[in-house]
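**Q** Return atomic coordinates for the entry below.
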Amino acid sequence: MAKRKERPMQPTARRIVAVSPDNGAAIDLKQPELAAVLAWLIPGLGHLYQGRTRKGAISMGVVTIILLLGLWLGSGRVVYASWRPNDTRWWFAPQAGIGVVAIPAVIQALAINGPSREPFWLSGWLAPPLHDGQLVSRRYAERLVQTDAYLEEGDFFDRPPYRQFRADQISMWHHELGRFFELGTLYTVVAGMLNLLLIYDAWAGPMHPPKDKHQKKNDEPADGEPQGVPEADSEQPA
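**A** You can find the predicted model right below:
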């Protein structure tokens, strides 16, 4: 009699289950690492992926509104990446809590300091300000003169095949925007820091409020009673 061939066991996707602090319901976090990445890219997207639609929609709306308000106050100039000694943009660290602005800002910073000497998007969106002596492409210099009322043709000197900037653009931005530059920076920083909390929530689940000693004592199981611990891993298929 022929032996029956055993089917190989199919690997199941690893899914994490958290417990809601509100009603004790189970929350399927699915793949927390993927949810955290999605939450970083776009606020609330990780929660929508986990099926937590209400929290995801509220988070997406609140953080996005704060971010857009900050960009509007700062005329789109308050989010940029810069590692230069005289202009290290430390505020970019909390702003980078939102990938939808962090990734383009890094791309712009690398492009304008790269061989092309111009940002990836010639509009200059999320590009760092120019500093004295910086070399830029002729095309980018011409566009800045046409679109920026504070810049003139005399602010650029010929350094073939580039143009050399001979002013301080960050000072121009501060002079043009005044206190709105700092307000826009503050709003975008707050948005980034709020999204860091959302990233943690998508990765680890909702935080439970701390229990006082009296409540902990009442929650302790009696002798011989098994301690109920929520399942960390579930065998549910993806």
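
**Q** And residue 148, how close does it get to residue 167?
**A** Distance, residue 148 to residue 167, using Cβ to Cβ, to the nearest Å: 11 Å. For every residue, glycine as well, the C-beta is placed using N, CA and C.

**Q** any idea which residue sits dead centre in the chain?
**A** Nearest to the mean C-alpha position of the chain, by Cα atoms, centre = their mean, lies residue 98 at 1.4 Å.

**Q** for that residue, phi and psi?
**A** Here the main-chain torsion angles of residue 98 (degrees, to the nearest 10) amount to phi -120, psi 110.

**Q** any idea of the pLDDT on it?
**A** Among the per-residue scores, residue 98 holds a pLDDT of 97.

**Q** so it touches residue 67, yeah?
**A** Yes. Taking contacts as Cβ atoms under 8 Å, residue 98 lies within contact range of residue 67: 6.3 Å.

**Q** Secondary structure class of residue 132, three-state.
**A** Reduced to three states with DSSP: H, G, I helix; E, B strand; the rest coil, the structure at residue 132 is coil.

**Q** Contact partners for it?
**A** Contacts here follow Cβ atoms under 8 Å, 6 or more residues apart in numbering; on that basis residue 132 touches 165, 166, 167, 168.

**Q** Repeat the analysis, applying 10 Å as the threshold.
**A** Contacts here follow Cβ atoms under 10 Å, 6 or more residues apart in numbering; on that basis residue 132 touches 86, 155, 164, 165, 166, 167, 168, 169, 171.

**Q** Show me just the buried residues among these.
**A** Applying 16 or more other Cβ atoms under 10 Å to the contacts of residue 132, the neighbour count classes 155, 164, 165, 167, 168, 169 as buried.

**Q** Now do the contacts for residue 89.
**A** 78-83, 95, 105, 109, 128-129, 170, 185.

**Q** which among these end up buried?
**A** 78, 79, 80, 81, 82, 95, 105, 109, 128, 129, 170, 185.

**Q** Perfect, that will be all.
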